[in-house]
Every structure is written in structure tokens, then in C-alpha cells.
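In: Structural data only, the sequence is not supplied:
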């Protein structure tokens, strides 16, 4: 910029010198002598042609001189004119050059000043940037100190819930620490809100933490979204999954996020998707037991019982103290009717977690299946004492009491279960069975209606509502219910048996026998189907065939140890012998 300014000054001075010099150059050129040309010689020759002698010679000479003077005068005038024009042009050029020189000087000066300003601004910006860099470094150090402090105690809503005492102490430590970073305090505040039961405010705080650090610390942002998902899991599984999705996008290696997203999908019945998440969690941390037992639960729901047991076995091999794996493996064994093995698993779960209610009620269910009703009730009592709001324990205790003939007590348990969970289809269904046993048929039908409303694909609910309607001699309605049950479950042997009974009650014996045949083909051990087919055949005077059915039913009842049923069948055989089927 300095060079530009110097050049502009020099150019201005040269232009000024040119302007001052032009008039002198023009004057000198005008005084130079003219040069003879061809037109002047031609005029002299013409004059010579017209004059002769000495006189003519003088006149010619005089004329020549005159013509020469005129010619020289004309040439001088012409040169003067051109020199004048040239002088004007040079003057104008000089003025223009002078003008641009001045402009160049001015522009150069302005540019030089602006350059100085830019240089100063650049220097200031560099200094400011350096200060910001130092500040950013300090903030990073503070954040890192905060991360170190928080990582050591709590980082997610789940870890805070798993160890509330430790989390409570950590929150107090952070809030009392004058050097704690804003990030420390924000996390501590979120956990404190969670522990106060202010879940919505805790989620809001976690969301704010996630958004603040999302571009600078994806790992921490992922943990914050994980906390949002955890707090939403029981309330809104779909939104919980969305939060876990964000955590996984920020941290694709987040094992716990995959595991918990699988749990949320299991709650929604999306078992295949849940299994895929558990697979991913296991691939990331194959030595972590929890994803195995969770995958086992999902496979149990899909009826893949052997695979489920294998997953629970693996979880137990990795963590022999994981009570959850034992109790869930026990549930699978119950489903396979390996009730004694199931009880052993529930025993182990209880020894590991004696204050956990679920293993008690699960053990009670296994004992119920073995007919050990009083022991089952005692287990459910223990579960309720540990967790008074455990709706499922009330429902299961009610079933054990109903099996013991204590229907009024059973109904009271179902009432309490429905008070705690008004959407418990099983409680409505079981209460309906108890009321039907007490011949409170209309109330029973109302309960079956509710069970079907909550679980429209429940074949047993249609079957038992049909049985209750048949008790009220509403046979056509009963048959419609049995039809629906068979549509939902074509292998539902009892639905065929009961539809046969309803048709027999309407005198449609051949149709009834066809239904009994189908029931027996599906379940050859269904004594009820043999009994009713024998009655229908006896009514058609097919006494020998009827006798065969009664004898098969009698053997099945004896093998089952059902003395009441044995007595009923023996009475049917006597009636047949007496000719009174």
C-alpha cells in the first residue's frame, strides 16, 4: 500500500511537468523554416512558359519569389494550426493524467489508511480468538472434570434407580461443590428430580443436557437420551424407543441402549424386533448376562421354549447371582409342565433376592399347577406382603382360593387386583369363573364380556361365556360363542366338547357326536368328551358304544385321581345297565 501511494505521487509530478512544457515545445516548432514541395516547382515552370527575355526573366523571378513567400506563408499557417491542435491535445492529456494522478494519490491514501485499519482489526481478532480458545480450553477442562466426577457415580436415570442411596449422596456432593461445573449440576439436578418423583421435570432436564452437548460430546448426549428413554419406558414404550433410537445414533456401540430398547419392544409385543436388539447387545458385550435373559423372555413369548431356556442358562453361567434369570427360566419350565424343576428355579431366585416379590408369586403358580393350593396361597401372601400393590399376586392368589372352593375369598382378591389394574383381563376372566361357580351367571357373563373387550382374541373367554350362557339355556348364543372360540383356536378341544353339549341340549345329537369326535381327536385324554359322547350315544340307543366311552372316561378319571368324576361315571354305567341312560 505504501508503494501504491509513492507511485501515485510520482505520476502526478510527471503529469505536471508535461503540462508546463507543452506550450514551449509548440512555440519552437512554429519558428522552424518550411521545406519546398512539388506543387511550388510546378507553378514556376508554368510562369516560365509565358515569359521571355530578360524582362521576362526578372518578372518570372519576382513572381517566383512571390509565390514562394505565399507558399511558405500557407505552410507556416498550416503548421501553426496543427501545432496548436497538438498543443491543445497534449494539454488535455496532461490534465487528464494529472486528474488520475490526483485520484490515484487520494485512493492510495484511503487504501493505505484502510489497510492500517484492517491490520489493526486482524490483530484484535487474533487476540480475541486466542482468548476464546483459552476459554474453550478451560471449559473443556471443566467439562472433563465434571464428566470424570459424574461418571464415577451416576450418569443415567437407570443407574440412579439401581442404586438410589449412592445416587442421593452423589447429588448432594455435586450440589455442595463450589467448583462443580454447570454440567455436573445439571446432571445432579436431573437425578434429584427423578428421586423426588418429578419424572416429567427430570426428563426435561435430561433433554436439555442432551441438546447442549450433542455437538461437542456425543457420548454424554447419548447417555442423556438413554435416561429419557428409561424414564419413559413404563409410561410410553413408543416414545421410549424413540429416545433410545437417538442414543444409538449418537453412540452406535451403546450396549445398554440396545438392551433397553429391546425391553420396550417386548412390552409392545414386538418380539422379533426385541430379539434383534438383544442380539446386537450381545454382539457388543458377549459377557453381559442381562441381554441373554431378556432375549430368553422374548423367545418365551414366541413359544420358543427350548431356546428361551438356553438363553437363561447362558445368563446364569455368566452371572450365577442373577435372580431374574432363575425365575424366568422357572416360568418357561412351568409352561413345559416341568413344575418341580420350575419350583427349584424359583427357590434359587428367592434365596438370591428374598425381598423380591415376583419369584414368590411365580413359585405359587407352579405349586398351583401341582394342586398344592395352600402352599400356593402362602407364596402369594408373601409376595403381597413384599409388594402390596402387586396386582398379579392378588389375581393368582384368587385362582388358588377358587381351586380350593373358597370362591367368595377368590372374588375379593380379583376385586383388589382390578382396583389396582382395571385393565387386567385375566382378573375379569377368573372372577367370571368364580361367579359362575356360585351360579351368579349374569355377573359372570358381564366379567367375560370385559375380558373379551380387553383381549378380543382370547378363545377361552368365549368358551366359558358360552358355557355360562348354556347354563341359562341360551343355547344358540352359547353355540355362537363356541364357534368364535373355534375360529380363534381350531385346536380348542373343550370348545368342541361344549358346542356338542349345547347342540345335544337342542336335540341335535348327531351334530353333538361329531363335535365330541373332533374334541377326542384333538385331546384323547379329555374325559369330558368321552362322557358326553357316551350320553349322546345312549340316547340314540347305541348302548355298547356308550359303554365303551364311559369305560375310557372312567380309566382317565382314575388315572387323574379325580374321585368325584370317578363316582359320576360309575353312576352312568349303573344307569346304563338299568336301561336308564
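Out: Done, it's in. Owing to the predicted nature of the structure, the values given are computational and were not obtained by experimental measurement.
In: So for the most centrally placed residue in the chain, what's the nearest residue that isn't a sequence neighbour?
Out: Nearest to the centroid of the C-alpha atoms of the chain, with distances taken as CA atoms, centre = their mean, sits residue 242, at 2.3 Å. Nearest non-adjacent residue to residue 242, counting by CB to CB, 6 or more residues apart in numbering: residue 229, 7.8 Å away. To be clear about C-beta, it is placed using only N, CA and C from the backbone, and glycine gets the same treatment.
In: For the residue nearest to the centre of the chain, pull up the helix or strand it's in.
Out: Using DSSP states H and E, residue 242 sits within helix 237-250.
In: mean confidence for that helix?
Out: Mean pLDDT, computed over helix 237-250, is 95.
In: what distance separates stretch 257-264 from the centre of its chain?
Out: 10 Å (CA atoms, centre = their mean, to the nearest Å).
In: Residues contacting it, please?
Out: Stretch 257-264 has contacts (CB atoms under 8 Å, 6 or more residues apart in numbering) with 158, 222, 226, 229-230, 233, 237-238, 240-241, 244-245, 247-248, 251, 273-278, 280-281, 284, 288, 290-291, 294-295, 298.
In: Now list the buried members of those residues.
Out: Listed as buried from the contacts of stretch 257-264 are 158, 222, 226, 229-230, 233, 237, 240-241, 244, 247-248, 251, 273-278, 280-281, 284, 288, 290-291, 294-295, 298; burial here means 16 or more other CB atoms under 10 Å.
In: tell me which strands and helices the strand or helix carrying residue 314 is in contact with?
Out: Secondary structure from DSSP H and E places residue 314 in helix 305-318. Applying 3 or more CB pairs under 8 Å, 6 or more residues apart in numbering; DSSP states H and E, one finds that helix 305-318 contacts helix 289-301, helix 323-335.
In: Same list (the ones you listed) but as TSV, adding mean pLDDT and distance to residue 172.
Out: Formatted as TSV, these follow (pLDDT from 0 to 100; distance: least, CB to CB, whole Å):
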stretch	mean pLDDT	distance to residue 172
helix 289-301	97	29
helix 323-335	96	30
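In: Adding distance to residue 536, write those out as TSV.
Out: What follows is those, written out as TSV (distance: least, CB to CB, whole Å):
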stretch	distance to residue 536
helix 289-301	40
helix 323-335	35
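In: Flag every buried residue along whatever helix or strand residue 393 lives in.
Out: For residue 393, the host element (DSSP H and E) is helix 391-403. Within helix 391-403, the residues that count as buried by 16+ other CB under 10 Å are 391, 392, 393, 394, 395, 396, 397, 398, 399, 400, 401, 402.
In: Likewise for stretch 535-545?
Out: Within stretch 535-545, the residues that qualify as buried are 535, 536, 537, 538, 542, counting by 16+ other CB under 10 Å.
In: how far does that stretch stretch from start to finish?
Out: Taking CA to CA, to the nearest Å as the measure, stretch 535-545 stretches 10 Å from start to finish.
In: just for the stretch 201-350 of the chain, where's the confidence low?
Out: Judged against pLDDT under 70, the stretch 201-350 of the chain has no low-scoring part.
In: Which strands or helices does the helix holding residue 242 pack on?
Out: Looks like helix 237-250 contacts helix 218-232, helix 255-267 (3+ CB pairs under 8 Å, 6+ apart).
In: With distance to residue 95 added, can I get these in CSV?
Out: Listed next are those as CSV, based on distance: least, CB to CB, whole Å:
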stretch, distance to residue 95
helix 218-232, 70
helix 255-267, 81
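In: Just give me how far stretch 208-221 sits from the chain centre.
Out: Relative to its chain's centre, stretch 208-221 lies at 16 Å (CA atoms, centre = their mean).
In: Give the residue spans of this protein that score low on pLDDT.
Out: Checking the chain against pLDDT under 70 turns up 1-87, 89-94, 96-155, 580-581.
In: for it, what spans make up the strands?
Out: Using DSSP state E, the chain contains no strands.
In: hang on, the earlier thing: what is the helix holding residue 393 packed up against?
Out: Using 3+ CB pairs under 8 Å, 6+ apart: helix 391-403 touches helix 357-369, helix 373-386, helix 407-420, helix 425-437.
In: Any chance of JSON lines for those helices, columns mean neighbour count?
Out: Shown next, in JSON lines, are the helices and strands packed on helix 391-403 (neighbours: other CB atoms under 10 Å):
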{"stretch": "helix 357-369", "mean neighbour count": "24"}
{"stretch": "helix 373-386", "mean neighbour count": "20"}
{"stretch": "helix 407-420", "mean neighbour count": "20"}
{"stretch": "helix 425-437", "mean neighbour count": "23"}
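In: Which one of those helices lies nearest to residue 559?
Out: The closest of these to residue 559 is helix 357-369. By CB to CB, the value is 17.3 Å.
In: Quick one: the helices in the stretch 401-550 of the chain, in order.
Out: 407-420, 425-437, 441-454, 459-471, 475-488, 493-505, 509-522, 527-539, 543-560 (DSSP state H, counting those that start in this stretch).
In: right, and these - which one's nearest residue 575?
Out: Ranking the helices of the stretch 401-550 of the chain by their distance to residue 575 (criterion: CB to CB) puts helix 527-539 first, at 8.4 Å.
In: Report the angle between the closest one and helix 543-560.
Out: Relative orientation of helix 527-539 versus helix 543-560 (axes from the mean of the first three to the mean of the last three CA atoms, to 10 degrees): 160 degrees.
In: Just give me how far helix 527-539 sits from the chain centre.
Out: In terms of CA atoms, centre = their mean, the centre of helix 527-539 is found 58 Å from the chain centre.
In: could you say what helices and strands it packs with?
Out: The contact analysis (3+ CB pairs under 8 Å, 6+ apart) places helix 527-539 against helix 493-505, helix 509-522, helix 543-560, helix 563-577.
In: Relative to residue 369, which of the ones you listed is closest?
Out: Using CB to CB, the nearest of the helices and strands packed on helix 527-539 to residue 369 is helix 543-560, at 13.7 Å.
In: Identify each buried residue in that closest one, please.
Out: Result for helix 543-560 [16+ other CB under 10 Å]: buried residues 546, 547, 549, 550, 552, 553, 554, 556, 557.
In: residues contacting the fourth one?
Out: Translated: residue 550. 530, 531, 534, 569, 572, 573, 576.
In: next one: the last one
Out: Residue 557 is in contact with 527, 565, 566, 569, counting by CB under 8 Å, 6+ apart.
In: Among those, which one sits closest to residue 419?
Out: Nearest to residue 419 out of the contacts of residue 557 is residue 565 (CB to CB; 36.1 Å).
In: got the contact list for the closest one?
Out: Here residue 565 is in contact with 527, 553, 557 (criterion: CB under 8 Å, 6+ apart).
In: what's the answer for residue 373, then?
Out: So residue 373 contacts 367, 400, 401, 403, 404 (CB under 8 Å, 6+ apart).
In: how close does the fourth one get to residue 559?
Out: What that stands for is residue 403. 20 Å (CB to CB, to the nearest Å).
In: about what we covered before: would you format the helices of the stretch 401-550 of the chain as TSV with distance to residue 198 included?
Out: Supplementary listing: the helices of the stretch 401-550 of the chain in TSV, determined by distance: least, CB to CB, whole Å:
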stretch	distance to residue 198
helix 407-420	23
helix 425-437	31
helix 441-454	32
helix 459-471	40
helix 475-488	44
helix 493-505	50
helix 509-522	55
helix 527-539	56
helix 543-560	56
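In: Out of those helices, flag the one nearest residue 181.
Out: Using CB to CB, the nearest of the helices of the stretch 401-550 of the chain to residue 181 is helix 407-420, at 43.7 Å.
In: and the angle from the closest one to helix 441-454?
Out: Using the same axes, to 10 degrees, helix 407-420 lies at 30 degrees relative to helix 441-454.
In: outside of helix 407-420, which residues touch it?
Out: Contacts of helix 407-420 (CB under 8 Å, 6+ apart): 389-392, 394-395, 397-399, 401-402, 424, 427-428, 430-431, 434-435, 437-438.
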